[in-house]
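Peer 1: What follows is a predicted protein model with its sequence.
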Amino acid sequence: MPVQDGADEKRWIVSRLFPGAPLLLCIVEAASGWKGPRDEFRICVLGENGYFAGIDVSDCLGQLRAVVRAEQNVHGKLLTAACAHIGGTGLARVIPGQLSHPLDKHPYSKRFIDPAGRPANLKGVRNLGSSVAGAFGLVGHALYTGVIRPSLFAMDPEEAHNFIHRLLPTMSQTGLLGMFGAEPAAGGFLKSELAGVTLASPVGLAAGFDKNGVLIDYLAGLGFGFAEIGSVTGRPSAGNPRPRLFRLPEDEALVNRLGLNGEGAEAVAKRLSRKSYPLPVGLNIAKTNHPEVIGDKAVEDVLFTFNQVKDLPVTYITINASCPNTHDGIIREKQELNDILQEISKANRGGKPIFLKLSPDSTDELVQDIMELADRFAVQGFVLGNTTTSRDGLKTSAGRIKEIGAGGLSGKPLKSKALNLVRRINSVKKRGQHLIACGGISSASDVVEFQEAGASQVQLYTALVYEGPGVVSRINRELERLRR
């Protein structure tokens, strides 16, 4: 079917979708509301000069053809190189204008396809996807930034976040993450220790992405060495009114004032009640975002959450003393934090490692107070830091910043403040106290810089939004190259 030009000169490509890979269809349905037959639909792919790439996946069970169209495309050279690379591996052959791979003639096809043309098993299809992950990784970043990100950015930021939550399990189970170069961390030179546990990578997922622990079975496939779930609060909370999540594309940043929305401690504890997880998990807890939860009630609220989760097989528990999007903001009352740590110390008979999460906006006085408490109550580490309320040095217009209003800023502009916080805490911490850096991290060089400042591990979140699902694996591969 022909490519159609709309009045706005956007290119529409008619594509076919095989049942095992609903990624493109889901994006179309979410971004445009268009719903058509599952085997044939139109997808808008925006490129800088015309269309980016039309992917025609037809009758996958008998033949898989990925037609890569790169004319008038700034990423054409990268796509051509990727086609040549895949062709050179023997996994496919390159012919003018398309990349073709008849599965039924492939030497390994009998592992995946029975004589009737049906898939032998889903595991086989997943293995096939994993085997070509490296080749797809060459174009994965371009595919995300050129095709998928524009579609997601056409959606409300929070709706896009929820959509990715629904999509990630399918991408993981069908091997589609490999298209973006995502793969589990290999360990080896990347190994590190956190609270007595060996990690396959020093790169972890920051709290906020998976508030309720619904995705822990799929995060290792993105390359993470560990993940921090939460923040989890004592009571279920809807959080602040919408809109409450905003993109700053010029700065590769986000502003959020979600307000600790979540299902609450009991629901999360029930979901995470199992013997083990696919990767080490930390749990971030905070007091419920409600005006009346202060003083003794705040202590009771955090203690309730701790008692709900303390016996779960998590690697560590972080007390969030740094959220700028709640009624109280940063915990500045030394007495309140003292009481929280005192009660948790009494309840922590199993010796679960306790970490504190600090804000990059913390004053020297607050840092001094917190370090005294950390020493008194044998806090084993710190997550440094959280979002910032500062808007200094942004490229985004002042008008847009004013329109967005209050909230915590994350992403690349946060890096210098987070790095400064790591250096400050590293200079005053006790020997053996552990530092996890969080803020503005999106590359292997960022990881190295934070480790040189004193952090053993790092966490990221916003980089996933701007760089796509392959960002952690790219960081891992570059770190491994640097350390060999």
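Peer 2: All right, it came through fine.
Peer 1: What is the subsequent helix or strand relative to the host helix or strand of Phe246?
Peer 2: Phe246 is located in strand 245-248, with elements delineated by DSSP states H and E. Downstream of strand 245-248, the first helix or strand assigned by DSSP H and E is strand 253-256.
Peer 1: my read: Lys357 touches Asn320, true?
Peer 2: Yes - counting by Cβ atoms under 8 Å, Lys357 touches Asn320, with 4.7 Å between them. C-betas here are computed from N, CA, C, even on glycine.
Peer 1: what do those two both touch?
Peer 2: Contact criterion Cβ atoms under 8 Å, 6 or more residues apart in numbering; residues shared by Lys357 and Asn320: Ala207, Asn284, Asn386.
Peer 1: how far does stretch 372-390 stretch from start to finish?
Peer 2: By Cα to Cα, to the nearest Å, the extent of stretch 372-390 from end to end equals 26 Å.
Peer 1: What residues of that stretch count as buried?
Peer 2: 373-374, 377, 379-389 (16 or more other Cβ atoms under 10 Å).
Peer 1: Also stretch 231-241?
Peer 2: Buried residues in stretch 231-241, counted by 16+ other Cβ under 10 Å: Ser231, Val232, Thr233, Gly234, Arg235, Ser237, Gly239, Asn240.
Peer 1: Restricted to strands, list the shared contacts of Lys357 and Asn320.
Peer 2: Asn284 (DSSP state E).
Peer 1: Same list as before, the shared contacts of Lys357 and Asn320 that is, but in TSV and with pLDDT and distance to Val314 included.
Peer 2: Formatted as TSV, the shared contacts of Lys357 and Asn320 follow (pLDDT from 0 to 100; distance: Cβ to Cβ, whole Å):
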residue	pLDDT	distance to Val314
Ala207	98	12
Asn284	98	10
Asn386	94	19
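Peer 1: possible to save the buried residues of stretch 231-241 as JSON lines with secondary structure, pLDDT and distance to Phe153?
Peer 2: Shown next, in JSON lines, are the buried residues of stretch 231-241 (DSSP: H, G, I helix; E, B strand; the rest coil; pLDDT from 0 to 100; distance: Cβ to Cβ, whole Å):
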{"residue": "Ser231", "secondary structure": "strand", "pLDDT": "97", "distance to Phe153": "26"}
{"residue": "Val232", "secondary structure": "strand", "pLDDT": "98", "distance to Phe153": "29"}
{"residue": "Thr233", "secondary structure": "coil", "pLDDT": "97", "distance to Phe153": "30"}
{"residue": "Gly234", "secondary structure": "coil", "pLDDT": "97", "distance to Phe153": "35"}
{"residue": "Arg235", "secondary structure": "coil", "pLDDT": "97", "distance to Phe153": "33"}
{"residue": "Ser237", "secondary structure": "strand", "pLDDT": "96", "distance to Phe153": "27"}
{"residue": "Gly239", "secondary structure": "coil", "pLDDT": "95", "distance to Phe153": "22"}
{"residue": "Asn240", "secondary structure": "coil", "pLDDT": "95", "distance to Phe153": "22"}
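Peer 1: Now for this protein, the helix or strand with the poorest mean pLDDT.
Peer 2: The weakest-scoring helix or strand in the chain, judged by mean pLDDT, DSSP states H and E, is strand 93-95 (a mean of 25).
Peer 1: So which bits of stretch 449-464 are buried?
Peer 2: Going by neighbour count (16+ other Cβ under 10 Å), the buried part of stretch 449-464 is 449-451, 453-464.
Peer 1: Show me which of those residues is closest to Ala418.
Peer 2: Proximity of the buried residues of stretch 449-464 to Ala418 (Cβ to Cβ) peaks at Phe450, which lies at 7.7 Å.
Peer 1: Not counting residues beside it along the chain, what's closest to that closest one?
Peer 2: Setting aside the residues directly before and after it, Phe450 is nearest to Ala437 in space (Cβ to Cβ, 6 or more residues apart in numbering), at 3.9 Å.
Peer 1: is it true that that neighbour touches Val458?
Peer 2: Yes - in terms of Cβ under 8 Å, Ala437 counts as a neighbour of Val458; the distance is 4.6 Å.
Peer 1: what residues do those two have in common as contacts?
Peer 2: Residues touching both Ala437 and Val458 (Cβ under 8 Å, 6+ apart): Phe450, Gln451.
Peer 1: and Gly175, how many neighbours does it have?
Peer 2: 24 (other Cβ atoms under 10 Å).
Peer 1: Equivalent analysis for Gly399, please.
Peer 2: Gly399, neighbours per other Cβ under 10 Å, totals 8.
Peer 1: Identify the residues contacting it.
Peer 2: By Cβ under 8 Å, 6+ apart, the contact set of Gly399 is empty.
Peer 1: Which helix or which strand is home to it?
Peer 2: helix 398-404.
Peer 1: give me the low-pLDDT residue ranges for the stretch 251-400 of the chain?
Peer 2: Applying pLDDT under 70 to the stretch 251-400 of the chain picks out residues 323-333.
Peer 1: show me where it has strands.
Peer 2: In the stretch 251-400 of the chain, the strands defined using DSSP state E, counting those that start in this stretch lie at 253-256, 281-285, 316-320, 354-358, 381-384.
Peer 1: hmm, which two among the buried residues of stretch 449-464 are most spread apart?
Peer 2: Using Cβ to Cβ, the two most remote members of the buried residues of stretch 449-464 are Gly454 and Leu464, lying 24.7 Å apart.
Peer 1: ok, now how distant is the closest residue to Pro313 other than its chain neighbours from Asn476?
Peer 2: Excluding the flanking residues, the one nearest Pro313 by Cβ to Cβ, 6+ apart is Ser276, at 5.6 Å. Distance of Ser276 to Asn476, computed by Cβ to Cβ, to the nearest Å: 22 Å.
Peer 1: Which one's more surrounded, those two?
Peer 2: More crowded of Ser276 and Asn476, by other Cβ under 10 Å: Asn476, with 27 against 8.
Peer 1: Name the nearest of the buried residues of stretch 231-241 relative to Asn289.
Peer 2: Distance to Asn289 across these (Cβ to Cβ) is lowest for Ser237, with 5.5 Å.
Peer 1: which residues sit in contact with that closest one?
Peer 2: Gly259, Leu260, Asn261, Gly262, Gly264, Thr288, Asn289, His290.
Peer 1: ditto for Pro278
Peer 2: Pro278 makes contact with Ile216, Asp217, Leu219, Ala220, according to Cβ under 8 Å, 6+ apart.
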